[in-house]
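Engineer: give me the fold of what follows.
(2 chains)
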2 protein chains.
Amino acid sequence: MGRWEPDARGRLEMAALELYAEHGYDQTTVAAIAERAGLSERTFFRHFSDKREVLFSRGTVLEDLLTASVADAPAEATPYDVVAAALEATATLLEGRREIAPRRQAVIDAHPELRERELGKMTAWAAALTSALGERGVEPRLAGLVAQTGIAVFRVSFETWARGGATEDLAEILRDSFAELRNATVTSSP
Amino acid sequence: MGRWEPDARGRLEMAALELYAEHGYDQTTVAAIAERAGLSERTFFRHFSDKREVLFSRGTVLEDLLTASVADAPAEATPYDVVAAALEATATLLEGRREIAPRRQAVIDAHPELRERELGKMTAWAAALTSALGERGVEPRLAGLVAQTGIAVFRVSFETWARGGATEDLAEILRDSFAELRNATVTSSP
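Structural biologist: Numbers count the residues shown, from 1 in each chain, chains lettered A, B, ... in the order given. Purely as a prediction, here's the structure:
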């Protein structure tokens, strides 16, 4: 175990996002990220498997939060409310990343393979939500529908928030979006 | 221009799916597909750019159908109804492919890179629906929400249908799924 580096992970992340913005994602090396953060490459690899994972490493933490929220929801909550609440908890946690979100999003938007990775992450979240609902006894098709829809609402909200311009919190945008979709559904033909 | 080959495209598609099932997708060559179909490799490449595109080439036709349906929908239809109707038109067209759908789905399910390609196609459909709604004057966020949700409902329905076991038409499964989601939304907390 190396010596303790206060917030090495956060420093590496900031350094990486700065370099991706300054020189481009493709041109940035792990060595350059470590140098900018004032840390060693060894320390980098203790936290991230490669420069791509700097952008995606929080995905698993958030996925665990999602499934834990679904498991902990009150027994009487409807599947739709359970999913909305789980995504709102995730949104609240993400709010601390408002400053870096637009920078991260710009890098992802510019690279098809990063967009695919982001999409794959969302698919994994939808699958995790579907099985967590299944464990609450929700019938598979309804679980899939509600989970996929929740993720669709989350994506639209997240992009509004992460592409900048919005002043509201992600959780607020998400609540508004769920309400907007509910409205769009209710006024549709039965 | 070579001599006319009756339904060369369909024959190549059937041959490819048979070979993917028999020997695996990775082991199948374009030469083997052409041979099984009784056609030349040259004919293959007149229809498909590579063996992967045999699985995905209808995607663009369906995307065009989606956007055309949105453009042609009655002015008074709500965005949600417009999207549901466009997806139902697509579902109806896909019904003719019920026989080969499970075979195609099995190949895709078994290959992460094909699953990504399928996911990318769905994302392209969602983007196309979003802009088609935008052209009808639907506000961007609502357009994104309704389009992404529609695609989520379509995916769940399509997988139910394509993985076999379901006896209903895809269009019926889709209508049921939209109704189920509507129900799940309406009974949620406001």
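
Engineer: please count neighbours and contacts with C-alpha atoms only from this point.
Structural biologist: Noted.

Engineer: could you list the low-pLDDT ranges of chain A?
Structural biologist: For chain A, applying pLDDT under 70 flags the ranges A:1-5, A:189-190.

Engineer: what residues does it have near chain B?
Structural biologist: Residues of chain A lying close to chain B (CA under 8 Å from any CA of the partner chain) are A:78-81, A:116, A:119-120, A:141-142, A:144-146, A:148-149, A:152-153, A:156, A:177, A:179-182, A:184-190.

Engineer: out of those, which sit inside helices?
Structural biologist: Judged by DSSP state H, helices contain the following of those: A:79-81, A:116, A:119-120, A:141-142, A:144-146, A:148-149, A:152-153, A:156, A:177, A:179-182, A:184-186.

Engineer: can you say which of the residues you listed are buried?
Structural biologist: A:79-81, A:116, A:119-120, A:141-142, A:144-146, A:148-149, A:152-153, A:156, A:177, A:180-182, A:184-185 (16 or more other CA atoms under 10 Å in any protein chain shown).

Engineer: domain-wise, how is chain A divided?
Structural biologist: With domains defined by automatic domain parsing, chain A comprises A:8-53, A:57-186.

Engineer: what is the end-to-end distance of the first one?
Structural biologist: End-to-end distance for domain A:8-53: 15 Å, by CA to CA, to the nearest Å.

Engineer: how about the longest one?
Structural biologist: Counting by CA to CA, you get 38 Å between the two ends of domain A:57-186.

Engineer: pull the distance from it to the chain's centre.
Structural biologist: Centre-to-centre, domain A:57-186 and its host chain are 7 Å apart (CA atoms, centre = their mean, to the nearest Å).

Engineer: residues contacting stretch A:7-20, please?
Structural biologist: The set of residues external to stretch A:7-20 that reach it, using CA atoms under 8 Å, 6 or more residues apart in numbering or on different chains, is A:25-28, A:33-34, A:36-37, A:39, A:43-44, A:47, A:51, A:54-55, A:100, A:103-104, A:107.

Engineer: just the helices in chain A please.
Structural biologist: So, for chain A - with DSSP H - the helices run A:8-23, A:30-37, A:41-47, A:53-56, A:58-72, A:79-94, A:101-110, A:112-135, A:140-162, A:170-186.

Engineer: TSV please, covering the ones you listed and showing distance to B:Glu18.
Structural biologist: Below are those laid out as TSV (distance: least, CA to CA, whole Å):
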stretch	distance to B:Glu18
helix A:8-23	45
helix A:30-37	45
helix A:41-47	45
helix A:53-56	38
helix A:58-72	38
helix A:79-94	40
helix A:101-110	38
helix A:112-135	29
helix A:140-162	29
helix A:170-186	42
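
Engineer: nearest residue to the middle of chain A?
Structural biologist: The centroid of chain A falls nearest to A:Gly59 when counting by CA atoms, centre = their mean (5.5 Å).

Engineer: ok, and the closest non-adjacent residue to it?
Structural biologist: Take A:Gly59 and drop its neighbours on the chain: the residue closest to it by CA to CA, 6 or more residues apart in numbering or on different chains is A:Lys121, 6.9 Å away.
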